[in-house]
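Asker: Everything below, folded, please.
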Amino acid sequence: MTGDPGLFTPRSVTWQMHGDPMMWVAGIRALYLQALHPRAVRGVTQNSDFRRDAWGRLMRTADFVGTTAYGTAEAAEKAGARVRRIHRKLSATDPETGERYGVDEPALLLWVHCAEIDSYLHVLRRSGYPLTDDAADRYLAEHRVSARLVGLDPESVPADRAEMAAYFDRTLPELAAGAEAREVDDFLRRPPVHPLLVPARAVLWRRVADLAYASLPPYAHALYGRPAPEPDVVTRRLRATGAALRCVPARLRWQLPPKHVLRAMARLGPESRPAPYKVRR
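Answerer: Prediction:
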């Protein structure tokens, strides 16, 4: 294998997992979860018109995740520096107290990070991706790297499932489904599309968004006030969706933008191809 293997390298759990198609469902779950932190979600709603640039925002997030996982070390570091530079310039205002605060507060960055990484891990495992508990802990530990890229002290970031669970337990009292969270919920259920695409939104996107919502923890359903199917029903739906998507040839799936996996394989050789069985090595 030649070329720069990047920050995670083809030996990592991240390298194998992030090539899975259920990452898209997991990403939507992360948005639902992130929106439940009032201070964090204000940083989004007060600094961007995400309804008008919804797809652009989603693709920029996907590009960042793909670059950090599969790009060169230099590309990943540059992507992280760009995110930190943008965040340093942004602030939000608490409408009740008038407090002005930066969106790069460590506590807010930590919430966004944990909601994202937990969602990736939860959805993939629950949908049938073969990860042992040890591999799941390795995955969380690996993402202290991505936490550093966005400006967090890696030592402050949960490095295994027990630490992640304890973090969510501590943070739960801070969560609420305020006006901004409702706005995100409404957007995720009915994102703006061209009128000709409205039927496709109802058939395809709504099902994906509903599945992402259903996979949230019970406290999230309670805060949003929308019911979800029984957990075993959700698990069956996740497994069926995962099985169906994984039947699509990987090289065909990876042709979708931003094509980070294919570029990594071109750089490092075919042996760097992500595959679930490699997690067990």
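Asker: And Ala159, its phi and psi?
Answerer: The phi/psi pair for Ala159 (degrees, to the nearest 10) reads phi -110, psi 0.
Asker: Which helix or strand contains Tyr101?
Answerer: strand 100-102 (DSSP states H and E).
Asker: same for that strand, what does it pack against?
Answerer: Counting contacts by 3 or more C-beta pairs under 8 Å, 6 or more residues apart in numbering; DSSP states H and E, strand 100-102 packs against strand 91-93. Every C-beta, even on glycine, is put in place using the N, C-alpha and C of the backbone.
Asker: quick revisit: mean confidence score for the helix or strand following the strand holding Tyr101?
Answerer: Per DSSP H and E, strand 100-102 leads on to helix 106-126 as the next helix or strand towards the C-terminus. If you average the pLDDT over helix 106-126, you get 98.
Asker: packing partners for helix 106-126?
Answerer: Helix 106-126 packs on helix 13-17, helix 23-34, helix 38-45, helix 133-142, helix 144-149, helix 161-171, helix 231-246, going by 3+ C-beta pairs under 8 Å, 6+ apart.
Asker: Just the residues contacting the fourth one, thanks.
Answerer: In this case it means helix 133-142. For helix 133-142, the external contacting residues (C-beta atoms under 8 Å, 6 or more residues apart in numbering) are 8, 12-14, 17, 117, 121, 125, 131, 158-161, 163-164, 279-280.
Asker: Is Trp205 in contact with Pro192, as I believe?
Answerer: No: between Trp205 and Pro192 there is no contact under C-beta atoms under 8 Å: 11.2 Å.
Asker: Looking at the two now, which is surrounded by more residues?
Answerer: Trp205 (17 against 12; other C-beta atoms under 10 Å).
Asker: Which pLDDT value belongs to that one?
Answerer: 81.
Asker: how close does it sit to Asp4?
Answerer: Computed as C-beta to C-beta, to the nearest Å, the Trp205 to Asp4 distance reads 36 Å.
Asker: In three-state terms, how would the nearest residue to Trp205 once chain neighbours are set aside be classified?
Answerer: Nearest non-adjacent residue to Trp205, counting by C-beta to C-beta, 6 or more residues apart in numbering: Pro191, 6.7 Å away. Judged by DSSP: H, G, I helix; E, B strand; the rest coil, the three-state class of Pro191 is coil.
Asker: Need the per-residue pLDDT for Pro191.
Answerer: For Pro191, pLDDT reads 77.
Asker: and if you look at Arg60?
Answerer: For Arg60, the model assigns a pLDDT of 85.
Asker: and it, what element?
Answerer: helix 54-70.
Asker: Can you spell out which helices and strands pack onto that helix?
Answerer: Identification of packing neighbours for helix 54-70 by 3+ C-beta pairs under 8 Å, 6+ apart yields helix 13-17, helix 23-34, helix 73-88, helix 144-149, helix 260-268.
Asker: Lovely, talk soon.
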